[in-house]
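# got a structure for you, letters missing:
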């Protein structure tokens with residue numbers, strides 16, 4: 001029977017252990033199995049039903065009339081949860097789509113299209129960001145902010161500024177900001193966004209000597225917060241904090257360099273924030289994630305939970 005041909009009418013003789021498919025007077029014998037249907041979870045009505053173009057066994061459930069593959073993928077999903085979760089982890093650890101494709105082939109024996117991998121990243125990044133961006137946290141009183149320039153591929157390499165601010169105590173990345181300028185308003189947006197996320201105003205914010213921070217922090221917090229500018233971010237007061245911060249920031253920038261448009265950069269910088277805060281353990285935090293260090297109660301503890309949760 002050729003792939004894609006529909007069965008208009010079917011009757012089954014369970015005692016004989018075969019299915020008689022009636023179409024154009026064609027009778028096909030099919031073997032019963034012990035495979036459970038992914039859709040109705042029936043154990044007794046599943047039979048082998050040909051193979052895919054790649055040679056994978058396909059099954060037909062006589063009870064609900066639907067076909068499926070006997071892999072660990074959820075219903076309506078071609079690939080298992082662990083494959084999709086691995087792709088997301090690899091992406092947010094700076095792997096290119098091509099490298100992800102190669103690694104999935106080596107680890108799981110599958111080779112999804114790069115467009116499929118990209119679709120997974122967009123889909124589950126949006127889901128994770130929506131679910132985790134407002135989870136309450138307990139942040140410390142000392143924050144560190146910095147910004148870096150990157151050129152996107154659109155608009156003939158337009159220059160963009162990426163701003164981040166991190167809590168020193170928990171390593172929680174409180175906020176990010178993407179802008180075309182590097183002014184006071186941008187610094188103000190960053191620190192105000194961080195304050196909303198933390199639910200508090202910090203006692204100290206450490207930055208480089210960019211004048212925009214001085215005015216932006218004062219506009220946002222008035223005299224409540226002390227601004228500590230560190231020369232080239234290497235002062236004794238901020239050295240260890242900044243070194244840790246720059247390692248984090250460098251990882252995030254690697255991911256951003258692969259983006260072609262400003263709108264996609266925004267999606268994935270938010271996704272990297274989720275990955276860093278909620279799914280990536282830190283040695284300095286005794287293998288806890290920043291979210292765990294900040295006392296967050298979260299619905300997902302990994303990308304696998306995000307993928308599985310959407311399809312339960």
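It's in. Computed from a predicted model, the values in this text were never measured in an experiment.

# neighbouring contacts of the helix or strand containing residue 128?
Of the helices and strands defined by DSSP states H and E, residue 128 is found in helix 114-132. Identification of contacts with helix 114-132 by C-beta atoms under 8 Å, 6 or more residues apart in numbering yields 84, 87-88, 91, 97-98, 100-101, 264, 267-268, 270-271, 273-274, 277-278, 291, 298-300, 303, 306-307, 309-310. Using the backbone N, CA and C atoms, a C-beta is placed for each residue, glycine as well.

# tell me the pLDDT at residue 47?
pLDDT recorded at residue 47 is 86.

# Return the subset of the contacts of helix 114-132 lying in strands.
Members of the contacts of helix 114-132 lying in strands (criterion: DSSP state E): none.

# Got a quick ChimeraX command for the buried subset of these?
Typed into ChimeraX, the line below selects the buried ones among the contacts of helix 114-132, using 16 or more other C-beta atoms under 10 Å:
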select :84,87,88,91,97,100,101,264,267,268,270,271,273,274,277,278,291,298,300,303,306,307
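
# Quick check: residue 302 touching residue 85?
Yes. Counting by C-beta atoms under 8 Å, a contact exists between residue 302 and residue 85, whose distance comes to 6.6 Å.

# of those two, who's got more company?
Using other C-beta atoms under 10 Å as the criterion, residue 302 and residue 85 rank with residue 85 on top: 20 against 14.

# residues in contact with that one?
Going by C-beta under 8 Å, 6+ apart, residue 85 touches 302, 303, 304, 306, 307.

# Residue 178 too?
If you count contacts by C-beta under 8 Å, 6+ apart, residue 178 has them with 160, 161, 162, 163, 262, 265, 266, 269.

# Spatially, which two of these are the most separated?
The distance between the two most remote of the contacts of residue 178 (C-beta to C-beta) is 14.4 Å, for 163 and 262.

# Neighbour count: the two, which is higher?
Taking neighbours as other C-beta under 10 Å, residue 163 and residue 262 compare with residue 163 leading, 23 against 14.

# Would you mind giving the secondary structure of that one?
Here residue 163 is recorded as strand under DSSP: H, G, I helix; E, B strand; the rest coil.

# Which strand residues bridge it?
When assigned by DSSP bridges, residue 163 has beta-bridge partners residue 147, residue 177.

# That one contacts residue 181, doesn't it?
No. At 10.8 Å, residue 163 and residue 181 do not qualify as touching, with contact defined as C-beta under 8 Å.

# quick revisit: take the contacts of residue 85 and keep only those in helices.
When helices are assigned by DSSP state H, the members of the contacts of residue 85 inside them are 303, 304, 306, 307.
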